[in-house]
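Novice: okay, predicted coordinates and the sequence, questions at the end:
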Amino acid sequence: MERLKTADEEPKGEKIADLKLKAKIKKDANKLLWEFLAEQWWLLLIGLPFMFAGSAQEYLVPDFIGKTLNAMKDGDKDEMKRLIFWWVFTVIVGASCGLIRDIIFGITSQRIGTSLRQSFFKAIIYKDVSFFDDNRTGEILSRL
């Protein structure tokens, strides 16, 4: 009766070949990802400032809270009203920037997904007929 080999008993040549294949696949996948991102560079460039502006409010709000509490403690109502106004303004601007960022990056991801599906479809269309003998159509379509 033949005993199954454990991972430790596997020949080192096969392990090295597997590692090289995995590294090549990873490299090719990264290259492909950057190609799809490069197609949408202008949308990503537009969304970048909104990403930073939307995140800036997270750093400003604690400062407003501290200053507002100090103004309350000192009894300075005019300063407190001014700080609350700018606090609310900062939150509204930050939320608006976050909304615009989400819309822009959502459109970008939809376009990248569409481009990826189109490339996949083109690659399948130009396959040899024997490819469809080996692979079931349902499995191929589920990848789209």
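Specialist: Here it is on my side, so go on.
Novice: give the next helix or strand downstream of the helix or strand that contains residue 34.
Specialist: Of the helices and strands defined by DSSP states H and E, residue 34 is found in helix 12-39. Note on helix 12-39: by DSSP H and E, the next helix or strand toward the C-terminus is helix 41-74.
Novice: how far away from the center of its chain is that next one?
Specialist: Helix 41-74 has its C-alpha centroid displaced from the chain centroid by 22 Å (C-alpha atoms, centre = their mean, to the nearest Å).
Novice: I'd assumed residue 64 was in contact with residue 83.
Specialist: Yes - under the contact definition of C-beta atoms under 8 Å, residue 83 touches residue 64, with a separation of 5.9 Å. Where C-beta positions appear, they are placed from N, C-alpha and C, glycine not excepted.
Novice: now do the top helix by length along the chain, average pLDDT.
Specialist: When the chain is scanned for its longest helix (criterion: DSSP state H), the result is helix 77-125. Confidence over helix 77-125, taken as the mean pLDDT, stands at 91.
Novice: for it, packing partners?
Specialist: Contacts of helix 77-125 with other secondary structure elements, assessed using 3 or more C-beta pairs under 8 Å, 6 or more residues apart in numbering; DSSP states H and E, are made with helix 12-39, helix 41-74.
Novice: which of residue 83 and residue 64 has more neighbours?
Specialist: Remark: of residue 83 and residue 64, residue 83 carries more neighbours, 21 against 18, as counted by other C-beta atoms under 10 Å.
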